[in-house]
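Q: Here's a sequence, model it:
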Amino acid sequence: MTDAPTFSIVIPTFARSALLRRCLDGMTRLEATAFLFEVIVVDDAGPVPLDSLIASYADRLALSLIRQSRAGPAAARNAGVALARGRFLAFIDDDCVTTIR
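A: As a prediction, the model looks like this:
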């Protein structure tokens, strides 16, 4: 994505790759043609690397992955904000699924 997104959606996660996959699946179903969005996943030092999971969405989402030392969800959100390029910020947890259309 070359244009700056309208929204940056930050997802903190820790050791819940199955839930994160479900959350990202929901993001792929967003009918967001009126605006651009990016998704920033912040791995809070989970025991399983998320690189391959994130890579599996490369063709469907503008998606970034940050890995940080275990610092908790608030610090993970802040790390995501530091990378965000959108005009607006949105936060969702890895155990949530969006159904917004």
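Q: C-alpha from now on. contacts and neighbour counts both.
A: OK.
Q: Can you pull the poorly scored residue ranges out of the protein?
A: Counting by pLDDT under 70, the chain contains low-confidence residues at 1-2, 32-34, 99-101.
Q: residue boundaries of the helices in it?
A: Using DSSP state H, the helices assigned to the chain run over residues 17-28, 51-55, 73-83.
Q: in the second one, what counts as buried?
A: Looking back up the chat, that one is helix 51-55. Using 16 or more other CA atoms under 10 Å as the test for burial, helix 51-55 gives residue 54.
Q: now that helix: how far from the chain's centre is it?
A: Taking CA atoms, centre = their mean, to the nearest Å, one finds helix 51-55 lying 12 Å from the centre of the chain it belongs to.
Q: Name the residues that touch it?
A: For helix 51-55, the surrounding residues in contact (CA atoms under 8 Å, 6 or more residues apart in numbering) are 17, 21, 63, 64, 65.
Q: Next one: the second one relative to residue 61, how far apart?
A: Distance, residue 21 to residue 61, by CA to CA, to the nearest Å: 13 Å.
Q: hmm, back to that, of all the helices of the chain, which lies closest to residue 8?
A: Of all the helices of the chain, helix 73-83 sits nearest to residue 8, with 8.1 Å by CA to CA.
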